[in-house]
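# dropping the sequence and predicted coords here.
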Amino acid sequence: MAAGLIPEGDVDERSIKEVQQEDLKGYRQCHFFAGIAGWSLALQYAGWDEAEQVWTGSCPCQPFSIAGKRKGVEDERHLWPEFHRLIRACQPTHVFGEQVASKDGRGWLAGVQTDLEGDGYATGSADMGAASVRAPHARQRLWWVAYTYKSRLERVHSTRRKINLQSTFETVRGFGEAKDRVLQRLNGISNRLDGPRTYRSQIKALGNSIVPAVAAEFIKAYMEVIGLG
């Protein structure tokens, strides 16, 4: 925020379980499980109109990752029900999210889309990794979006309608050139120090955060599909 890279806003450090509908009144953007603000940066990269209401939420991936205990919906870190509670109560126009691209993650996404379509949203998704934007690492993720027409009365909505984004994307194999410049743009952090040790330290520090440039491509494709921008 201080650097002017993302919009000014309020930081709420409470658990999502404590957040209530009335806490969110008056906000055009809400970013849940925000981490290092990757979604907010991605919206900026994509040229998102700040007047458009949008929510984002990268629910914890640990319950669905092959590296975890794979407890799935029985894991206490399965927080989609809490996120869904707030979406259902507030009905934001656009909602973006992502999840780990594992077998369990795909099952999770199917449940998310079923929940949202039951609430009157159209949904779309794509399976993309960081290499799709020439980053030298995989970080494969399931990206999803939900859109409600309720605030746009001129459009007629079918609750089972899907937004097809999959054909919009083409995975780019190989890392390309100018690795340092790409990493700086992708991750939204400085990559001025060279060497494998520095690179490994950066990846460790990033943890499970999203790659903003991948999210931006997904957002831009969605904007094209529904005629935003």
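Done, it's in.

# give the contact list for the closest residue to residue 16 other than its chain neighbours.
The shortest distance from residue 16 to any residue that is not its chain neighbour, by CB to CB, 6 or more residues apart in numbering, is 4.7 Å, and that residue is residue 82. C-beta coordinates here come from the backbone N, C-alpha and C atoms, glycine included. Listed by CB atoms under 8 Å, 6 or more residues apart in numbering, the contact set of residue 82 reads 16-17, 19.

# count the residues that sit near the residue nearest to residue 211 when sequence neighbours are not counted.
Nearest non-adjacent residue to residue 211, counting by CB to CB, 6+ apart: residue 130, 4.7 Å away. Neighbour count of residue 130, defined by other CB atoms under 10 Å: 22.

# swap in residue 133?
Around residue 133 there are 20 other residues, counting by other CB under 10 Å.

# do residue 34 as well
Counted with other CB under 10 Å, the burial measure for residue 34 works out to 18 neighbours.

# for residue 147, name its beta-bridge partners.
Beta-bridge partners of residue 147, counted by DSSP bridges, are residue 94, residue 122.

# state the distance from it to residue 54.
Noted for residue 147: a distance of 10 Å to residue 54, by CB to CB, to the nearest Å.

# now for those two: what residues contact both?
With contacts defined as CB under 8 Å, 6+ apart, the residues adjacent to both residue 147 and residue 54 are 93-95.

# ends of stretch 25-34, how far apart?
18 Å (CA to CA, to the nearest Å).

# report the buried residues of it.
Taking 16 or more other CB atoms under 10 Å as the neighbour-count basis, stretch 25-34 is seen to contain the buried residues 29-34.

# narrow those to those in strands?
Among the buried residues of stretch 25-34, the residues falling in strands (DSSP state E) are 29-32.

# in those residues, find the pair that's most separated.
Farthest pair in those (CB to CB) is 29 and 32. Separation: 10.9 Å.

# brilliant, that's me finished.
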